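Colleague: Give the three-dimensional model of this entry:
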Amino acid sequence: MRRRTTSPDSPFTRTTNGEPGSRAPHLWIGRGGRRISTIDLAGQYVLLAGAAGAGWADAASEVSRSLGGLPLDACCDARIPPAYGICDSGAVLVRPDGFVAWSCGESVAEPAKVLHAALTAGLYRS
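Modeller: Residues are numbered from 1 along each chain as shown. As a prediction, this is how the structure comes out:
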């Protein structure tokens, strides 16, 4: 799904659809029984997944530990997939500056391995 971020009459129409290299779309999500903005999660790496993305959240914890405690938050919410162009079991990685670093449209067999590769590539680590 593409989200228009400017007026339809503007000659500078821009979309934020969760593609790597683009600004992460703003979204209100539920977390810990309260409503928060995805913008409030900026400042560290954040893995956003759909409601069926618990495997990605588990992988985020594992990868954070394997990278020496790299700050990596994870959040699963049903509102994320349409805004970020992924299915309910997919995930996106948002950099601390609020840009999408990586996206995986659906679940994979080894999410920790895939996420580790994405993060180390972005951090230029091996």
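
Colleague: host element of residue 118?
Modeller: helix 111-123 (DSSP states H and E).

Colleague: show me the contacts for residue 21.
Modeller: 99-100 (Cβ atoms under 8 Å, 6 or more residues apart in numbering). In this view, the C-beta of every residue, glycine as well, is placed from N, C-alpha and C.

Colleague: Let me know the distance separating it from residue 103.
Modeller: Distance, residue 21 to residue 103, by Cβ to Cβ, to the nearest Å: 10 Å.

Colleague: Mind listing what's buried along the helix holding residue 118?
Modeller: For helix 111-123, the neighbour count (16 or more other Cβ atoms under 10 Å) marks 111-112, 114-116, 118-119 as buried.

Colleague: swap in stretch 80-90?
Modeller: 80-86, 88-90.

Colleague: Could you export that stretch as PDB, CA atoms only?
Modeller: Only the C-alpha atoms of stretch 80-90 are listed here, as PDB (Å, rounded to 0.1, in the frame of the first residue of the first chain):
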ATOM      1  CA  ILE A  80       2.300  -2.500  10.500                       C
ATOM      2  CA  PRO A  81       2.000  -4.700   7.300                       C
ATOM      3  CA  PRO A  82      -0.300  -2.400   5.200                       C
ATOM      4  CA  ALA A  83       1.800   0.700   6.000                       C
ATOM      5  CA  TYR A  84       5.100  -1.100   5.300                       C
ATOM      6  CA  GLY A  85       4.200  -3.300   2.300                       C
ATOM      7  CA  ILE A  86       4.700  -6.600   4.000                       C
ATOM      8  CA  CYS A  87       2.400  -9.500   4.900                       C
ATOM      9  CA  ASP A  88       1.300 -10.300   8.500                       C
ATOM     10  CA  SER A  89       4.400 -12.500   9.100                       C
ATOM     11  CA  GLY A  90       6.900 -10.100   7.500                       C
END
